[in-house]
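Visitor: 3D model of this:
(4 chains)
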Protein chains: 2
Amino acid sequence: MAASRVRNGGRPTLEEVAARAGVGRGTASRVINGSPRVSDATRQAVEAAVAELGYVPNRAARALAGNRTDAIALVVPEPETRFFAEPYFSAIVRGVGAALADTEMQLLLTLVGNDRERRRLAQYLTAHRVDGVLLVAVHADDPLPELLEQLGMPCVISGARHAAETLPSVDSDNFEGARAAVEHLVSRGRRQVATITGRLEVYGAQRRLDGYRAAVSAAGLAPDERLIAPADFTEEGGARAMRDLLARRPGLDAVFVASDVMAAGARQVLREADRRIPEDVALIGFDDSVVARHMHPALTSVRQPIEEMGRRMAQLLLDEIAGRAPGDERPSVVLPTELVVRDSS
Amino acid sequence: MAASRVRNGGRPTLEEVAARAGVGRGTASRVINGSPRVSDATRQAVEAAVAELGYVPNRAARALAGNRTDAIALVVPEPETRFFAEPYFSAIVRGVGAALADTEMQLLLTLVGNDRERRRLAQYLTAHRVDGVLLVAVHADDPLPELLEQLGMPCVISGARHAAETLPSVDSDNFEGARAAVEHLVSRGRRQVATITGRLEVYGAQRRLDGYRAAVSAAGLAPDERLIAPADFTEEGGARAMRDLLARRPGLDAVFVASDVMAAGARQVLREADRRIPEDVALIGFDDSVVARHMHPALTSVRQPIEEMGRRMAQLLLDEIAGRAPGDERPSVVLPTELVVRDSS
DNA sequence: CAGTGTATTGGGAGCGCTCCCAAGAAGGGG
DNA sequence: CCCCTTCTTGGGAGCGCTCCCAATACACTG
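Guide: Numbers count the residues shown, from 1 in each chain, chains lettered A, B, ... in the order given. Have a look, this model is predicted:
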């Protein structure tokens, strides 16, 4: 039934490798950890023994002796359903996985659903059970980053929390993505471009709004606060905002929506109001999700390089764990977005 | 920069807890592991010490001494993009996470992209670095399950690989889901019900076809092999199959498609052929993905309880790790599906 | 009251590895 | 030819925990 009683599950130990190679345990360890202070002959002997025996280091023993874990945690706030939707979650995971693929690092997935789990996580991290943490979709008021900072636990977040972000972070260029989208609308002759924003406490949503404003000014259009409708990243919120906009500014001819899901809600309202897309109203979303591709008409959307973001987050974290030279500033990466033009604009 | 030199990262050890409680290390260990062979007074003393010191067991030490890891791996074949699409991946992860939430088990995520990574995984598993494995989207000819069986490593798969599945598995009731979908079509007066299948090497796809056939017979309709078009779970494949069907049986008035994504392809072809949905042709998909909800008209679809599947997989695996009494048959769970009726049928 | 159990308890002996010190080997300078 | 460096090397000393055995305490039984 359960595990055998055999030591180390019957796997060869470092000691056995050393014996086989005719060297001491310390030397074998050096070879396996790539220390330069070993002669070539010895190295080869040990490597041969490793190959013959099929030796794989025992991770637990390593962790215990070396006071590290060779594991990082990807912490996902489960209530953040937005994050779980395509394309985010899988793409981030793929990116992180790719970056870790030829590393010894393991990826631990931690879903944090409620406060109890949150406390458990804190305890978990306090107990130093991982070497570093990737934090996605953190809110500006989340205490977790401070805790990590205090513990001296390396950490990278996705999406800066505000303009003066202190943590290493990876973000897409929300400002420029929004700006380009609106510029595109203007270039196609739209004059009354509205926007539906995400929750503005989310810095990225704020940046998209900033980008919208910048493009409107740049185009020489009159800024009009009544063309700006705040929403909450949900489909229902998008619909509500669209209704408001239509009531306030019936003459609008384009809407830049800060997420595809909200755009789906907006599209529904536009359909009910008998506005044709794109003839009467052009629509642009954000995320380039599967919803965008399958919407009718297919939704023009701003694509974020999410997989690449995952990859960069992992790389940053590995650097952070390896130790950053003092004086290096906090690394933060901003990746370019891409406007995917489809039928809705 | 790097980690401090302090032992155990400055955390209290079991020894310290024991000292504080005025008991021996062994006794403290017993309390922490919930052994019944401890007096109440002692238990309380130890628990108090644990609370005061904020003791958290050192996982690595535990793993080393106990020859287990308290971790399970979720192995995801990365090429299987179908799995990465919503709703699968995130829902499975959520379910697994939920089942593990009040367990000491960690969840390790392992993406297997190519053969090299596959070999690495095998080595990894051979080295007993996890207590058990969740395997999703395994192909019938994947060697991994055999390897695990050989190693005596507990394992649960999602989706039986064939009728005589030997591994513990969790599956949705593909047969019944398909049968109910087709029955629904028939009950709405459709007489020429076609189907677009997934890759039939995938057992689940085969079962959906079986369900389709069963419903057709039960309805007293003439079975017609020309109403069955094989595809491959892709949108393009779905479109191709739909074209074939239309060419062969122009009079068809309903299609049961074995996945939403294929249904999206089929819908495109139907639109081009000027068949109205659902007036001329009713359409039903499978998965109840976001695509189904946002399709126009909204797609009727068979929902699988994916999160629940994840939860059950994890539970099964935990049982398996705890040890199954000899004589217990291989547990396998089949969960009911649900037909979500929308506008397309 | 000796004899036999049963319920607790303490702590030794590892688990497989890394860290580090000291010793041996090899090479160079005076 | 001897001494001092530098390069390698072996292996002791843990890392914090679980397993298990032996010891103690106590309660009965006859």
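
Visitor: Now the residue in the stretch 201-345 of chain A that chain B sits nearest to: phi and psi?
Guide: Ranking the residues of the stretch 201-345 of chain A by distance to chain B (CB to the nearest CB) places A:G323 first, at 3.7 Å. Where you see a C-beta, it was placed from the backbone N, CA and C, and this is true even at glycine. Torsion angles at A:G323 (phi, psi; degrees, to the nearest 10) stand at phi 110, psi 120.

Visitor: Count the neighbours of it for me.
Guide: When counting by other CB atoms under 10 Å in any protein chain shown, one arrives at 12 neighbours for A:G323.

Visitor: Ok, A:R243 next?
Guide: 17.

Visitor: do you know how far the residue of the stretch 201-345 of chain A closest to chain B is from A:I32?
Guide: Relative to A:I32, A:G323 is positioned 22 Å away (CB to CB, to the nearest Å).

Visitor: Next, the contact list for the nearest residue to A:M309 once chain neighbours are set aside, please.
Guide: In space, not counting the residues next to it along the chain, A:M309 is nearest to A:V170; the distance is 5.0 Å by CB to CB, 6 or more residues apart in numbering or on different chains. A:V170 is in contact with A:V156, A:I157, A:S158, A:G159, A:M309, A:R312, A:M313, A:L316, A:S332, A:V333, A:V334, A:L335, counting by CB atoms under 8 Å, 6 or more residues apart in numbering or on different chains.

Visitor: please redo it, this time with the cut-off set to 10 Å
Guide: Under the criterion of CB atoms under 10 Å, 6 or more residues apart in numbering or on different chains, the neighbours of A:V170 are A:92, A:95, A:134, A:136, A:156-160, A:305, A:308-317, A:331-335.

Visitor: Buried subset of those as a PyMOL selection?
Guide: Buried residues within the contacts of A:V170, as defined by 16 or more other CB atoms under 10 Å in any protein chain shown, are selected in PyMOL through the command that follows:
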select buried, chain A and resi 92+95+134+136+156+157+158+159+160+305+308+309+310+311+312+313+314+315+316+317+332+333+334
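
Visitor: State the distance from A:A181 to A:G211.
Guide: Between A:A181 and A:G211 the distance is 8 Å, computed by CB to CB.

Visitor: Check the closest residue to A:I228 other than its chain neighbours and give its pLDDT.
Guide: Closest residue to A:I228 in three dimensions, ignoring its sequence neighbours and counting by CB to CB, 6+ apart: A:T195, at 5.5 Å. Among the per-residue scores, A:T195 holds a pLDDT of 98.

Visitor: Next: the one 3 residues further on.
Guide: You'll see A:G198 listed with a pLDDT of 96.

Visitor: check contacts around it.
Guide: Counting by CB under 10 Å, 6+ apart, the residues that A:G198 touches are A:82, A:174, A:204-206, A:208-209, A:230-234, A:237-238, A:257-259, A:261-262, A:286.

Visitor: Repeat that for A:R119.
Guide: A:R119 is in contact with A:V112, counting by CB under 10 Å, 6+ apart.

Visitor: What helix or strand is it located in?
Guide: helix A:115-126 (DSSP states H and E).
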